[in-house]
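Undergrad: Return a 3D structure for these sequence lines:
(chains A, B, C and D)
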Protein chains: 4
Amino acid sequence: MVKIGIVGGTGYTGVELLRLLAAHEQAEVVAITSRAENGRRVDELFPNLRGHYALAFSEPEVETLAACDVVFFATPHNVAMNLVPQLLAEGTRVIDLSADYRLKDAALWSRWYGEPHASPEYLEEAVYGLPEVNRAKIADARLVACPGCYPTSVQLGLIPLVARRLVDPAHLIASAASGVSGAGRQAKIDNLLSEVSDSFKAYGVAGHRHLPEIEQGLAAVAGQPVGVTFVPHLLPAIRGIHATLFAQLLAEPEDLQTLYESWYADEPFVDVLPRGVFPQTRTVRGANRCQLAVTVPQGRGTVVVMSTIDNLVKGASGQAVQNMNIMLDLPETMGLQQVGLLP
Amino acid sequence: MVKIGIVGGTGYTGVELLRLLAAHEQAEVVAITSRAENGRRVDELFPNLRGHYALAFSEPEVETLAACDVVFFATPHNVAMNLVPQLLAEGTRVIDLSADYRLKDAALWSRWYGEPHASPEYLEEAVYGLPEVNRAKIADARLVACPGCYPTSVQLGLIPLVARRLVDPAHLIASAASGVSGAGRQAKIDNLLSEVSDSFKAYGVAGHRHLPEIEQGLAAVAGQPVGVTFVPHLLPAIRGIHATLFAQLLAEPEDLQTLYESWYADEPFVDVLPRGVFPQTRTVRGANRCQLAVTVPQGRGTVVVMSTIDNLVKGASGQAVQNMNIMLDLPETMGLQQVGLLP
Amino acid sequence: MVKIGIVGGTGYTGVELLRLLAAHEQAEVVAITSRAENGRRVDELFPNLRGHYALAFSEPEVETLAACDVVFFATPHNVAMNLVPQLLAEGTRVIDLSADYRLKDAALWSRWYGEPHASPEYLEEAVYGLPEVNRAKIADARLVACPGCYPTSVQLGLIPLVARRLVDPAHLIASAASGVSGAGRQAKIDNLLSEVSDSFKAYGVAGHRHLPEIEQGLAAVAGQPVGVTFVPHLLPAIRGIHATLFAQLLAEPEDLQTLYESWYADEPFVDVLPRGVFPQTRTVRGANRCQLAVTVPQGRGTVVVMSTIDNLVKGASGQAVQNMNIMLDLPETMGLQQVGLLP
Amino acid sequence: MVKIGIVGGTGYTGVELLRLLAAHEQAEVVAITSRAENGRRVDELFPNLRGHYALAFSEPEVETLAACDVVFFATPHNVAMNLVPQLLAEGTRVIDLSADYRLKDAALWSRWYGEPHASPEYLEEAVYGLPEVNRAKIADARLVACPGCYPTSVQLGLIPLVARRLVDPAHLIASAASGVSGAGRQAKIDNLLSEVSDSFKAYGVAGHRHLPEIEQGLAAVAGQPVGVTFVPHLLPAIRGIHATLFAQLLAEPEDLQTLYESWYADEPFVDVLPRGVFPQTRTVRGANRCQLAVTVPQGRGTVVVMSTIDNLVKGASGQAVQNMNIMLDLPETMGLQQVGLLP
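TA: Sure, this is the predicted structure:
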């Protein structure tokens, strides 16, 4: 059994890790930390876990965590970067769901997060945990930086086009929408049901922190700089990300449906839908899966890709478990074969 | 492997059976029928099933179904009662999720369903599939009638009180609310999002078809007639039933929290919450579980029980799989240990 | 024009007062206060008001408020009771939407609100602002205490039965559900969309602060003590209250439909629906209206009343404007004839 | 008083017309037709109208309708084009909310609607009822074709850019989302709450019927052909359209905020939000208003415009009343000054 520690277990990615790991035959969660809820049983905070865990929250202590095989950080940014170096020094492997190690450039990180990075010397070593791009590196990594939810959906949707240089890389457009759980389990007026239900809005239009991450990832597979106009929107829904991606074709391409199907043919968690079928966030609800469709409306030279994930699963905790499986040489799909909850 | 057939797989209880059976290590679905969708792949209709089933819908034929070990009917009423006799004659065991065999009295059935019963001679034999009451009979049954969703939540909530004769049996009150999926996957204006979202209403107040089923079940455990005033409401939600149950205590009782906890101590799918904690439908979303709370507000002699289930799981398909496990002497929890999807 | 001040305009009852008063031909809002938002334009906080108000929030100052003809308190409890005495002393009339002056008994108030009352000497004078009961007293009042949202719906639903003594007054049951806006515009995890959407739960079962208010009001019209078991629930909806009320008939009554229709025949904002039609919260969305239905299911002696209001209109700000119209001898319906927003 | 007839009053645009006209001091609805509901009171179908209308649905008869000053068609396409010629012949003015007279080119109409146009000789005369473009022509029109909901939001958002030729007209992108009421009050599985709640999807990507209307309208103000990639999405919400519009700037433009503010300075129903504020559908809920924001994220040459309307008001019935006011030389805002319902 793999001994697992979770730092910051009171948020939505924390409870989702626990849900997924409860179904993982090799996982044993031995510690879950929260300063605020220290001593409280996790199933008291999250009654869906009753009968599945006897665990209580504890103070985050390096000693306890270092005794784990793997430690997940399900924290806001600015936590992992202070604690990870000690864990790595103890030989513990780390999967960070936060933004702390996603960007390679410490200056860029500081500009978007508004503070200096606490352990920039690990940015180079950290492996960006998108298995569809970095599977081999993940296998050997000590420190994996799990991609953000929007970046997962946007990158998986655009990678075949930019990697094959079929589209203008300078004018990519990502119009994406996320369920409210993406904003986390935090007391904010903006995310009250009364504020966001039965409504829709764009936010972060001037610049969302996922933008540099998206551009870094796409530039890496393109081998050239890319420019993305990224407009996120808030959905009156709990879970789900739907990215609608637009790009200008540089030439009349080969058949894009075939390209996408072959590109992702061996990926267990990327599902290219049949021609003419478009994804819905509900068909991936609770599942570790990205569903994709690609089309060129009216044959006019603008390609449209639609990409959906569950922001808490393939966009966070499911992808984290997928990374863990790869790191530990377990079957990549172990514990991740839940069928999406429909309706 | 258990060979399974599903009659009527295009509705919500059908897709939910498929979701649950995909995680059941002994289940092999070999046939799923639908006249309307004959020939179409199930994962075309329900893309959440992609990668989990290669199955296509077929015409309902006795020969194919009779070759199964177990056949589930996930149909509206008035289908099973015409087909079941032939399957039983062939030695196939049947689990009927519809209302056809729930009532013991054919005349009562006819009054509530507005037509004669097609095979009343099987009403006596049919076992009412509430494992918490009839586990032993279910084990030997050829034909199990799965309880309705409201009846499951209401009966599990009231059984300890009426079985122990602690309350006035003539004036029980059940004020219950269901997500819209309880109305099925049918094209009706009344269930459009534009009609039911951001709203709430009672319906079927004069008499809902689940009333006689509730009264039959409670009378059986009480050993005396019971009278229930049952008011169902429609929730602006997809899944979930919440029953708020009121009864007048006949005397100062023993501690009801203790009674409920001991009554259900050995039940794998009934979870009595700690004193002072009240259930939410979301904590049982997707899970085969009934969560209960009991209290006597202000100590005034009116007991209030709150009972929640997922109408498609413990209220339908999950309970059906639980019955199958019991019938086939498999571990009762096999394939049913999913953690509720929260948030 | 009536000069109006609003204390505490940043919550939902505040913005709703502004919405309604914008359509009121005699109303001129001259001051709206908020310490936190002092200096900010109201239409910056609530962009639906753009073009309707040029007003900015200001510090609450007695001098400014005392210059108004009427001052509304759209505050949490414990604000009005400290400020109202000064305004009354200046001759300003006050309509308090908070709970501060609803209960007549200061000791009872203290027990439920957990602190001493700051101006108990005004409890007797304060008129409980349910126009259907106290219209004449409201006309002359200096201080009106607007009823709570649940109490409005529950009292209007039960008044004919208890006033006519047709039901057992000791065992009334109110199973009610409210949209999340009833919890106010406050940063609380419990009211995030991710926590309450697609779910349903009871809360405050042991004792909700609206219980003593309901019992006080019903006892007054009954002329005898009443006992209510009150279970509120949280709806995954923004607005709306639906109360499902149960009572035991003492005898075979006259026709209840006729009773209700005649009881409320002259009330402009209480609408008894035709026999067999049940109310929905959406048909009163945005409207100052209570829609009622009464029935005795299966003719068994338990009467069921369904009562719906918009918690922010007839349950708060609309009723407050209705009270203002009565106090100022304006037509009672002035500014309150909006049609409910359906769908 | 203006005598008004409504053809097809059982849908959402019909009930919304009635809601708005109830507040219009010069409007008197004298006939509302529906074959299916002939003889039924409108407030029986729509209980929010109780107390506001005594009207019943009647068979659509030319004689009755021709006696009206104005007739609204709140019908699916393919109704108005058969009946309008007779009404015009009788001297009745017509405001058509359907798609029948929106396109100038009968062949184009046939291609998108899959049938021949029944009265193509009126396409030239019909005035496209977007007051912000065609106010003068609307004033004199006998026949006004009200714009579709998406076309209203997309055109109002892009008009300043294309009219001033600031952007590449060949590669405009409209990523828009609509509440489910846009699909009408029709019994379709696809629009059940259980199918669309808590989800999001694109639809009609290959070609939505509003595309040629958008392109026709923009080309007219641009004075040159335009090409739009239009991807509509379905929101889990009742009302509201949010269009996110992308265009490539041809040069470093003047300040776009100033351009938009001045362009719409005199428009009563177009509201350009302050710099840095982005619209939400909820702030225009129930209001006849388009709220706009314009920005160039990261200063990279891609302009993003966000445009919100209530699809049933400025996107349909409110715009229809606005057109009526213009046609009848009434104040353009009469009956249309409702404040949006927030929350």
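Undergrad: which element is residue A:6 on?
TA: strand A:2-7 (DSSP states H and E).
Undergrad: outside of that strand, which residues touch it?
TA: If you take CB atoms under 8 Å, 6 or more residues apart in numbering or on different chains as the criterion, strand A:2-7 is touched by A:14, A:17-18, A:21, A:26-33, A:60, A:64-65, A:67-75, A:79-80, A:83, A:92, A:324, A:328, A:330. Quick note: C-beta positions are derived from backbone N, CA and C, even for glycine.
Undergrad: Direction included, what does that strand pair up with?
TA: As defined by DSSP bridges, the strand partners of strand A:2-7 come to strand A:27-33 (parallel), strand A:70-73 (parallel).
Undergrad: where do the strands sit along the stretch 1-150 of chain A?
TA: A:2-7, A:27-33, A:70-73, A:93-96, A:127-128, A:143-145 (DSSP state E, counting those that start in this stretch).
Undergrad: what about residue A:238, distance to chain B?
TA: Residue A:238 sits 5 Å away from chain B, going by CB to the nearest CB, to the nearest Å.
Undergrad: pLDDT score assigned to that residue?
TA: Residue A:238 is assigned a predicted lDDT (pLDDT) of 98.
Undergrad: Then residue A:199?
TA: 98.
Undergrad: do the same with residue A:254
TA: pLDDT, residue A:254: 80.
Undergrad: Report the secondary structure state of it.
TA: coil (DSSP: H, G, I helix; E, B strand; the rest coil).
Undergrad: With residue A:268 instead?
TA: Strictly by three-state DSSP, residue A:268 counts as coil.
Undergrad: Once you drop chain neighbours, what's closest to it?
TA: Closest residue to residue A:268 apart from its sequence neighbours, by CB to CB, 6 or more residues apart in numbering or on different chains: residue A:333 at 5.1 Å.
Undergrad: which of the residues in the strand holding residue A:6 are buried?
TA: By 16 or more other CB atoms under 10 Å in any protein chain shown, the buried positions in strand A:2-7 come out as A:2, A:4, A:5, A:6, A:7.
Undergrad: Same question for stretch A:294-302.
TA: So, applying 16+ other CB under 10 Å, buried residues of stretch A:294-302: A:294, A:295, A:296, A:297, A:301, A:302.
Undergrad: Of these, which ones also sit close to chain D?
TA: A:295, A:297, A:301, A:302 (CB under 8 Å from any CB of the partner chain).
Undergrad: between those, which is closest to chain D?
TA: Chain D has its nearest neighbour among these in residue A:302, at 4.4 Å by CB to the nearest CB.
Undergrad: What spatial separation is found between that closest one and chain B?
TA: 25 Å.
Undergrad: Surely that residue and residue A:250 touch.
TA: No. Assessed by CB atoms under 8 Å, residue A:302 is found out of contact with residue A:250, at 11.9 Å.
Undergrad: Pull out the CA atoms of stretch A:97-111 and give them to me as CSV.
TA: What follows is stretch A:97-111, C-alpha atoms only, in CSV (Å, rounded to 0.1, in the frame of the first residue of the first chain):
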residue,chain,number,x,y,z
LEU,A,97,-2.0,20.8,-7.0
SER,A,98,-1.4,24.4,-6.4
ALA,A,99,0.2,26.9,-8.7
ASP,A,100,3.5,27.2,-6.9
TYR,A,101,5.7,25.1,-9.3
ARG,A,102,3.8,25.4,-12.6
LEU,A,103,5.8,28.2,-14.2
LYS,A,104,9.4,27.7,-15.0
ASP,A,105,10.3,31.4,-14.8
ALA,A,106,10.4,32.8,-11.2
ALA,A,107,10.1,36.4,-12.4
LEU,A,108,7.0,35.6,-14.4
TRP,A,109,5.6,33.7,-11.4
SER,A,110,6.2,36.7,-9.2
ARG,A,111,4.6,39.1,-11.6
